[in-house]
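1. need a structure here:
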Amino acid sequence: MDTRIDGSILSGKIVLLTGAGGGIGLEAAKSFAEMGAKVLIAEIDKEKGKKAAGDITVKFPDAAFFLHTDLSDGTAVRKMRGDILARFGCPDIIFNNAAAVITGKIGEVSIEDWDLCYAVNLKAPVMLTSFFLGMMRERDSGCIVFVSSSGAAPYLAAYETFKTAQTEFSSALSMELEGTHVYTYTIAPGLVKTENAAKSIEAVAKAMGMTEQEFYLQNEEHILDVRDAGLGFALSVLKAEEYNGREISSIQALNDSGNRTDAVLSPDIADNIPAGLMDRIARTFISQHDGWKKRNVFERQWVLRDFRKQVGIPAETVRDMFEEVMNGQDGVNSRTSVTYDVLEKLQHYWEHQLKLLSGFEKDGQKFMEYSREIRGWIDDIRTLLETIDTRN
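-> Here you go, the predicted model:
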């Protein structure tokens, strides 16, 4: 991958990055340093933390600092806050990457392990936000990022419960910060073969009666290289204002920065899509999404959560893809921004909406009218998918 990173774009910025002794966090720390920032590596493993900071400063002098911290210990987190303020001042960016990953069946995971997951995966991010938010508000600048997860998954409840709670916390925080220049969002790394992920996948695959190889093969289209995932983390802060209040992914951050292209619909397929079909689907979804955003806060959050649960990615991400379709000057490239997988999941979501309609709409005439409209959306997307299948 051609990273093309501007080495001064974050010059003078202080980044507090938790859990950066290895994996995605370490790769993000390297990218932040390359972008000119000073990175404060908050890590419980002394050996990994010192090595991470040392390796970075060899290439980028005075760019990384190790802070030995146990995020499950509230006293240690408070001490770290004091050390940071004394040495560096209030961070410009807080990146809550650290995680405690516990696998096992509900009922078999110990209460102590549930407590650990709560302390690291939710309480620590809340504490760090509370400790520095007032200063960010006072100077009217800052960025707080939460590393989210895909949601409920078997044998990962202790991990997922508090990771997904970060998403709700970030959403509420963004509403309270409306009108300021302090931004917050969540970012999901995707499926990345890190040491921690490998251990979790081994346990989950076994519990599901699968081998690790079978699990990876089943999800191979969604696997992201650890360096790319870390780079996506770092690049995302450059669009903090745009991402504010949203759930994004490393892949989206890479795409938006021009560092990755996931064009899976080849030019010959794009050229053979019936005239106006992709544009019509794009307009349909953009109009639907914009209608959701106008609802009251509780209805809006319910709909957006339901969409993410059904489709697997935020509605805002899908809207951005279709926005490229509508705004693209190149007929091929503007259509390759939307993947087959997303189109297929959107079809299933609209079918899901059609089922929900029967339980919500009691007016027979309106039910017929609305269901006819949704069936039209489904027919459009089914035609498009059949065109793609035929060309493949």
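
2. Contact partners for residue 357?
-> Residue 357 is in contact with 367, 370-371, 374, counting by CB atoms under 8 Å, 6 or more residues apart in numbering. Where you see a C-beta, it was placed from the backbone N, CA and C, and this is true even at glycine.

3. go on, residue 137?
-> By CB under 8 Å, 6+ apart, residue 137 lies in contact with 177, 180, 182.

4. Against residue 35, how distant is it?
-> Residue 137 sits 25 Å away from residue 35 when distances are taken as CB to CB, to the nearest Å.

5. ok, then the element right after the helix or strand that contains residue 320?
-> When elements are assigned from DSSP states H and E, residue 320 belongs to helix 315-327. Following the chain from helix 315-327 toward its C-terminal end, the next helix or strand by DSSP H and E is helix 340-360.

6. how far is the helix or strand following that next one from where the chain is centred?
-> Per DSSP H and E, the first helix or strand lying C-terminal to helix 340-360 is helix 364-391. Per CA atoms, centre = their mean, to the nearest Å, the displacement of helix 364-391 from the mean C-alpha position of its chain is 29 Å.

7. helices and strands around helix 364-391, which ones?
-> Helices and strands in packing contact with helix 364-391 are listed as helix 267-271, helix 277-293, helix 340-360; criterion 3 or more CB pairs under 8 Å, 6 or more residues apart in numbering; DSSP states H and E.

8. Those helices: which one's closest to residue 63?
-> The stretch from those with the least distance to residue 63 (CB to CB) is helix 340-360; that distance is 37.4 Å.

9. which of the residues in the closest one are buried?
-> By neighbour count with 16 or more other CB atoms under 10 Å, helix 340-360 contains the buried residues 340, 342-347, 349-351, 353-354.

10. circling back: let's have the helices and strands packed on helix 364-391 in TSV, adding distance to residue 128 and mean pLDDT.
-> Rendered in TSV, the data for the helices and strands packed on helix 364-391 read as follows (distance: least, CB to CB, whole Å; pLDDT from 0 to 100):
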stretch	distance to residue 128	mean pLDDT
helix 267-271	45	48
helix 277-293	29	91
helix 340-360	34	84
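
11. so which of the ones you listed gets nearest residue 186?
-> Comparing the helices and strands packed on helix 364-391 by their distance to residue 186 (CB to CB), the top pick is helix 277-293, with 17.7 Å.

12. which helices and strands sit right next to the very next helix or strand once past that closest one?
-> Going down the chain from helix 277-293, the next helix or strand is helix 297-311, by DSSP H and E. On a contact count with 3+ CB pairs under 8 Å, 6+ apart, helix 297-311 meets helix 277-293, helix 315-327, helix 340-360.

13. Could you rerun that using 10 Å?
-> helix 157-176, strand 247-249, helix 277-293, helix 315-327, helix 340-360 (3 or more CB pairs under 10 Å, 6 or more residues apart in numbering; DSSP states H and E).

14. now those in a markdown table, with distance to residue 31?
-> Rendered in a markdown table, the data for the helices and strands packed on helix 297-311 read as follows (distance: least, CB to CB, whole Å):
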| stretch | distance to residue 31 |
| --- | --- |
| helix 157-176 | 21 |
| strand 247-249 | 16 |
| helix 277-293 | 31 |
| helix 315-327 | 21 |
| helix 340-360 | 26 |
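
15. Okay, now the unreliable bits of the stretch 51-200 of the chain?
-> Applying pLDDT under 70 to the stretch 51-200 of the chain flags the ranges 150-152, 190-200.

16. Would you map the strands across it?
-> Under the criterion DSSP state E, counting those that start in this stretch, the stretch 51-200 of the chain contains strands at 64-68, 93-96, 142-147, 182-188, 191-192.
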